[in-house]
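Trainee: Based on what follows, work out the 3D shape:
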Amino acid sequence: MLSEPVLTARREDGRDVPLLVWRADRPLRAVSSAPLGGGIGVRRWVVNATVPMSYDRDDPADHLAGLARGLDLDGPGVGLLTGVDVAEVVARTDTGVRVWATVGLGTPVWAAEPAPAAPGQRVGTVNIVVYVPARLGDAALVNAVATATEAKAQAIAELGVPGTGTPTDAVTVLCPLDGPESAYGGPRSTWGAPLARAVYAAVTAGGAGTVVPWSDRPTG
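Mentor: Modelled structure (predicted):
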């Protein structure tokens, strides 16, 4: 089982910078496109860390690994980054599938962009974390990422945003190691259908208002 996320902070450049931490009470199977812990494997925790809009480190995985050590997180995990204040995470549940999304749509793009985006655009990131309460096979895990991405794109379209996502979006799907294995994760499968509905609901809610990047907010 994956815990509800805990909001905490770390001190950087004289400011308390927020981050969310999920812990698993036992190791979980995971698939992720995150900078740290990407791919398919066994994971024990997830971190979603706010960073300033000026973030330009070329070692995000090392940065996230350092944050994990500072939180006393043991074993392999997943690390995500976003310019959004992660305190604004949106959670939705559908038929046992739990989804958390931090939604920043400051730089929407079409996936099949005809030309590279112009330089100087603002960073926006949609990070999605999903827990499915049943073991998914490798193909089903990959399919679940596709399903989550399709549901995200559907929500973005219905919000009237001109794009399918942002250049830095990431998806993480976790499930138990044990139990009967589900072979499918598509949007009409047993677990893919509620996953799609929960992702759609979370991204719709998170993208409905104006999101001010964390680093653009006044200090004090």
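
Trainee: List the residues that contact residue 161.
Mentor: By Cβ atoms under 8 Å, 6 or more residues apart in numbering, residue 161 lies in contact with 105, 108, 207. No exception for glycine: its C-beta is placed from N, CA and C like everyone else's.

Trainee: you'd agree the last one is up against residue 160?
Mentor: So that's residue 207. No. Contact criterion Cβ atoms under 8 Å: residue 207 and residue 160 do not qualify, at 9.7 Å.

Trainee: More neighbours: which of these two?
Mentor: Using other Cβ atoms under 10 Å as the criterion, residue 207 and residue 160 rank with residue 207 on top: 24 against 7.

Trainee: Tell me who's in contact with the more buried one.
Mentor: Shown in contact with residue 207 (Cβ under 8 Å, 6+ apart): 103, 105, 126, 155, 156, 159, 161.

Trainee: which one among those gets closest to residue 94?
Mentor: Minimum distance to residue 94 across the contacts of residue 207 is 13.8 Å, recorded for residue 155 (Cβ to Cβ).

Trainee: by contact count, what packs against the top strand by length along the chain?
Mentor: If you go by DSSP state E, the chain has its longest strand at strand 15-32. Strand 15-32 makes packing contacts with strand 6-12, strand 39-50, strand 97-103, helix 138-158, strand 170-176 when contacts are defined by 3 or more Cβ pairs under 8 Å, 6 or more residues apart in numbering; DSSP states H and E.

Trainee: Show me what the fourth one is in contact with.
Mentor: Helix 138-158 is contacted from outside by 29-31, 33, 40, 105, 108, 111, 126, 128, 130, 132, 136, 163-165, 169, 171, 173, 175, 181-187, 189, 191-192, 195-197, 199-201, 203-204, 207, using Cβ under 8 Å, 6+ apart.

Trainee: same question, stretch 28-42
Mentor: Applying Cβ under 8 Å, 6+ apart, the contact partners of stretch 28-42 are 2, 27, 43-44, 47, 60-61, 64-65, 68, 76-81, 131, 135-136, 138, 141-142, 144-145, 170-177.

Trainee: Those, buried ones only, as a PyMOL selection?
Mentor: Burial among these is assessed by 16 or more other Cβ atoms under 10 Å; the matching PyMOL selection reads:
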select buried, resi 2+27+43+44+47+60+64+65+68+77+78+79+80+81+131+135+136+141+144+145+170+171+172+173+174+175+176
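
Trainee: re earlier: any chance of the contacts of residue 207 in a markdown table, plus distance to residue 90?
Mentor: Listed next are these as a markdown table, based on distance: Cβ to Cβ, whole Å:
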| residue | distance to residue 90 |
| --- | --- |
| 103 | 7 |
| 105 | 13 |
| 126 | 11 |
| 155 | 11 |
| 156 | 14 |
| 159 | 13 |
| 161 | 16 |
